[in-house]
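Asks: model the structure of this input:
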Amino acid sequence: MVEKNDKGFRASRYLMKLDGKDYLEVKWRILWLRTEHPDAVIITELEKHEGGMALFKAKITLPDGGEATGWGSETVSDFGDYIEKAETKALGRACAALGYGTQFCDDFDFHDKPVDAPVKRSPATAAQVKAIYTIAQEEHGLSEEQMNEHAKKAYGKLHAELTKQEASRLIDRLKGKKSD
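Replies: Numbers count the residues shown, from 1 in each chain. Predicted structure coming up:
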């Protein structure tokens, strides 16, 4: 049972050190939430599960009408129990969005780069463009013109105009499919 005093839940009792910083585990954030709002509604949903990746959504609704949604994803390469870890991450983010443990987690800590800062996209490398053309030609029998049509349809631009991220996704797509 939680020790409660006239000041409510005392998060400092449950802190651990993680990478030299104070961290409040998700189980304690949920306990804090339940201590203050035993009737809060918590709903989690597995939104996507494929290719060794799980994506969860957690929604918490407080009795007074406050609510928050948190998202969490994990892969099997990071954790054997990646499905559970993704759900826990989503719950932790929803709790933090409501103020339960926000100061003790990195979910809203973007260091010197705010999350809403503009992102500069790097152009595809010459090696990526060459790989796209080679895979398209050798594995799919596509001409350069056909590859450009495919890139325009998928990304709205020629394959040589793609960003590094788009080129990487297109290469993966081409390797995974034998015909487009």
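Asks: need the contact list for residue 123.
Replies: Residue 123 makes contacts with 161, 162, 163, 164, as judged by Cβ atoms under 8 Å, 6 or more residues apart in numbering. C-beta: built from backbone N, CA, C; applies to glycine.
Asks: with residue 61 instead?
Replies: 40, 41, 43, 67.
Asks: if you set the cut-off to 7 Å instead, what comes out?
Replies: 40, 41, 67 (Cβ atoms under 7 Å, 6 or more residues apart in numbering).
Asks: what of residue 80?
Replies: Contacts for residue 80 (Cβ under 7 Å, 6+ apart) come out as none.
Asks: redo the contacts of residue 61 as JSON lines? Include neighbour count and secondary structure.
Replies: Below are the contacts of residue 61 laid out as JSON lines (neighbours: other Cβ atoms under 10 Å; DSSP: H, G, I helix; E, B strand; the rest coil):
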{"residue": "40", "neighbour count": "19", "secondary structure": "coil"}
{"residue": "41", "neighbour count": "11", "secondary structure": "strand"}
{"residue": "67", "neighbour count": "14", "secondary structure": "strand"}
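Asks: out of the contacts of residue 123, which end up buried?
Replies: Taking 16 or more other Cβ atoms under 10 Å as the criterion, what is buried in those is 161, 162, 163.
Asks: can you pull out the strands in the protein?
Replies: Secondary structure of the chain (DSSP state E): strands at 16-18, 21-23, 41-50, 53-61, 67-75.
Asks: can you list the weak-confidence ranges in this structure?
Replies: In the predicted model of the chain, residues 1-7, 104-120, 177-180 satisfy pLDDT under 70.
Asks: how is it partitioned into domains?
Replies: For the chain, automatic domain parsing gives the domain ranges 11-104, 126-176.
Asks: follow-up on the earlier one: possible to save the strands of the chain as JSON lines with distance to residue 98?
Replies: JSON lines is the format used below for the strands of the chain (distance: least, Cβ to Cβ, whole Å):
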{"stretch": "strand 16-18", "distance to residue 98": "21"}
{"stretch": "strand 21-23", "distance to residue 98": "18"}
{"stretch": "strand 41-50", "distance to residue 98": "11"}
{"stretch": "strand 53-61", "distance to residue 98": "6"}
{"stretch": "strand 67-75", "distance to residue 98": "5"}
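Asks: winner for burial among those?
Replies: Mean neighbour count, computed with mean count of other Cβ atoms under 10 Å, is highest for strand 53-61 among these, reaching a mean of 21.
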